[in-house]
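1. Need the 3D shape of this:
(chains A, B, C and D)
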Protein chains: 2
Amino acid sequence: MMISTKGRYALRFLVDVAANQGEGFVPLKDTARRQGISEKYLEIVVKELARGGLLEAQRGKGGGYRLARPPEEYRVRDILERMEGPLVPVACLEPGRAACPRKDACRTLPLWQGLDRVISDYLDRFTLADL
Amino acid sequence: MMISTKGRYALRFLVDVAANQGEGFVPLKDTARRQGISEKYLEIVVKELARGGLLEAQRGKGGGYRLARPPEEYRVRDILERMEGPLVPVACLEPGRAACPRKDACRTLPLWQGLDRVISDYLDRFTLADL
DNA sequence: CTTTTTTCCTATTTTACCACAAGGAAAATA
DNA sequence: TATTTTCCTTGTGGTAAAATAGGAAAAAAG
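-> Below you'll find the predicted structure:
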């Protein structure tokens, strides 16, 4: 599996907030109920989004979350990478990794590079506004 | 990560066998050495390929493995799915799974279906002969 | 028939991550 | 001051990845 609940919930949360924020803030509790996601677990996910500057938070009564920017500025790939780490399909393509000693002779490397490319390109074509 | 060492090793093993089988069998030990893979672990991977009919095995001296068919009849996707299970990017697309109750309202489902499509299409374009 | 080479089989281990659950502290509003 | 919300820490049960260990069974060569 490439995308865990962390990434999927993050996306669903953002879409829900985008759809339900008028001028104010959307409390996590409401989204959790609407989306049928465990409140406590969603907290973990959302906190990560807030730390990444994707969400603005407001505590206390009338508080909650809202998008930090307009929906069309959220690339799906950025959201997912924040939660999942790099979305490479195989370990040998991970950034910041010592180059594989067989990289020049490896018959399969080009295959993985192509796959990585295809996935990245696809996910770059979508923003929150498209959902 | 989408593809684990199981899938990657399987592919490398098959490529190595294809390249090194003349008329006879290629012993696992040799491939393990050439590819720098743990012999014992590679056994597990290869046994799965043999059970799936992708390889023919011969025990004893002069034995080893060879391809059951010509290289161009091995689709990369089939090889990987044998080792990894279904290659879907998210759990909700797993075959034989109860349909998600929100599937009609889900804003993100089409995104995942498209991603799944893109990945499958890419991996269907390659066979062992291409590597 | 014995030795060597190879695949075949079962079990165990280590490590890491996933998907939560629990309980409260701190802030903000009414 | 009471209530609502986010924030923070900690624990937990399950599952999978990536091996490792130790031998049994077959096949060929001597």
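
2. And the pLDDT for the residue of chain A found nearest DNA strand C?
-> Closest residue of chain A to DNA strand C, C-beta to the nearest atom of the strand: A:Gly60 (2.8 Å). C-beta: built from backbone N, CA, C; applies to glycine. A:Gly60 is assigned a pLDDT of 94 by the prediction.

3. before we move on, what about A:Cys100?
-> At A:Cys100, the pLDDT value in this model is 87.

4. helix or strand for it, which one?
-> Secondary-structure element containing A:Cys100, defined by DSSP states H and E: none, the residue being outside all helices and strands.

5. which one is it nearest to, not counting chain neighbours?
-> A:Cys92 (5.2 Å; C-beta to C-beta, 6 or more residues apart in numbering or on different chains).

6. Around DNA strand D, which positions in chain A sit nearby?
-> Taking C-beta under 7 Å from any atom of the strand, the part of chain A that reaches DNA strand D is made up of A:27-29, A:43, A:46-47, A:50, A:57-65, A:91.

7. could you redo the last one with a cut-off of 6 Å?
-> Counting by C-beta under 6 Å from any atom of the strand, the residues of chain A close to DNA strand D are A:27-29, A:43, A:47, A:50, A:57, A:59-61, A:63-65.

8. distance from the centroid: which residue in chain A tops it?
-> Residue farthest from the centre of chain A, counting by C-alpha atoms, centre = their mean, is A:Ala105 at 34.6 Å.

9. Assign a three-state SS to that residue, would you?
-> Using DSSP: H, G, I helix; E, B strand; the rest coil, the secondary structure recorded for A:Ala105 is coil.

10. For it, grab phi and psi.
-> Reported as degrees, to the nearest 10, the phi and psi values for A:Ala105 are phi -100, psi -10.

11. Against A:Arg97, how distant is it?
-> Between A:Ala105 and A:Arg97 the distance, using C-beta to C-beta, to the nearest Å, works out to 18 Å.

12. Give me the neighbour count for A:Leu109.
-> Neighbour count of A:Leu109, defined by other C-beta atoms under 10 Å in any protein chain shown: 17.

13. same deal with the one 3 residues further on?
-> A:Trp112 is surrounded by 20 other residues when neighbours are defined as other C-beta under 10 Å.

14. okay, it: pLDDT?
-> For A:Trp112, the pLDDT comes out at 97.

15. What values do phi and psi take at A:Met83?
-> Residue torsions, per degrees, to the nearest 10, at A:Met83 are phi -90, psi -40.

16. Surely A:Glu56 touches A:Tyr65?
-> Yes. Contact between A:Glu56 and A:Tyr65 holds when scored by C-beta atoms under 8 Å: they sit 6.8 Å apart.

17. Overlap of the contact sets of the two?
-> Counting by C-beta atoms under 8 Å, 6 or more residues apart in numbering or on different chains, the common neighbours of A:Glu56 and A:Tyr65 are A:Ala50.

18. higher neighbour count, those two?
-> The residue with the greater number of neighbours, taking A:Glu56 and A:Tyr65 and applying other C-beta under 10 Å, is A:Tyr65; the counts read 23 against 13.

19. show me the contacts for that one.
-> The neighbourhood of A:Tyr65, defined by C-beta under 8 Å, 6+ apart, consists of A:Val17, A:Phe25, A:Val26, A:Pro27, A:Leu28, A:Val46, A:Ala50, A:Leu55, A:Glu56, A:Ala57, A:Gln58.

20. Sweet, I'm off.
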